[in-house]
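Asks: The following block contains a protein sequence and its predicted model.
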Amino acid sequence: MNRPATEAARLLPWTGAEGKPCYLIGDGQGYVSRVADNVESVQLGMAADLLGHVEDLLSDRSATPEQLRYVVARLAESLREVHRVARSRGARLAVDAGDVP
């Protein structure tokens with residue numbers, strides 16, 4: 001089956017075995033695309049919630065080093081997820097604009 005040249009692989013918001021990236025090739029209308037959209041939405045919402053928690057923790061002068069270390073670890077996880085969403089969406093914008101060779 002031949003695919004249109006403008007159809008690019010979508011970077012999915014989860015990883016596969018050994019942390020390797022997962023991709024989806026399709027028109028963006030299928031079940032896996034809808035699941036990926038939902039996962040991205042949840043990840044972005046959780047990142048926003050985490051930022052609120054971090055602001056509260058940073059304003060608390062009694063926060064312990066363990067609490068700060070824990071929240072920094074969660075921030076790193078969240079940033080990794082948000083970065084993946086941004087890369088995926090940016091790549092799809094390039095395809096939509098016709099920037100794919």
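Replies: Cool, the structure landed.
Asks: what's the span of stretch 24-40, first residue to last?
Replies: 14 Å (Cα to Cα, to the nearest Å).
Asks: Would you mark the buried spots in that stretch?
Replies: Neighbour-count burial for stretch 24-40 flags 36, 40 (criterion: 16 or more other Cβ atoms under 10 Å). Bear in mind the C-beta positions are built from the backbone N, C-alpha and C, glycine included.
Asks: Quick one: mean pLDDT for that stretch?
Replies: The pLDDT scores in stretch 24-40 average 94.
Asks: Which element, helix or strand, includes the residue nearest the centre of the chain?
Replies: Using Cα atoms, centre = their mean, the residue of the chain that lies closest to the mean C-alpha position is residue 85, 3.1 Å off. Assigned by DSSP states H and E, residue 85 belongs to helix 65-96.
Asks: Which residues belonging to that helix are considered buried?
Replies: 71, 78, 81-82, 84-85, 88, 91, 95.
Asks: try stretch 51-65
Replies: By neighbour count on 16+ other Cβ under 10 Å, the buried set for stretch 51-65 is residue 54.
Asks: List of residues touching it?
Replies: 67-68, 71, 75 (Cβ atoms under 8 Å, 6 or more residues apart in numbering).
Asks: Could you identify the longest strand within this protein?
Replies: Taking DSSP state E as the criterion, the chain has its longest strand at strand 10-15.
Asks: which residues touch the closest residue to residue 85 other than its chain neighbours?
Replies: Excluding the flanking residues, the one nearest residue 85 by Cβ to Cβ, 6 or more residues apart in numbering is residue 40, at 4.9 Å. Applying Cβ under 8 Å, 6+ apart to residue 40 gives the contacts 13, 85, 88.
Asks: any idea how far residue 40 is from residue 72?
Replies: 23 Å (Cβ to Cβ, to the nearest Å).
Asks: go on, residue 91?
Replies: 29 Å.
Asks: Quick check: which ranges of the protein have low pLDDT?
Replies: 1-7, 96-101 (pLDDT under 70).
Asks: can you rerun that using 80?
Replies: 1-8, 94-101 (pLDDT under 80).
Asks: Can you read off the backbone torsions of residue 22?
Replies: Backbone torsions of residue 22, given as degrees, to the nearest 10, read phi -110, psi 140.
Asks: I am finished for the moment; much appreciated.
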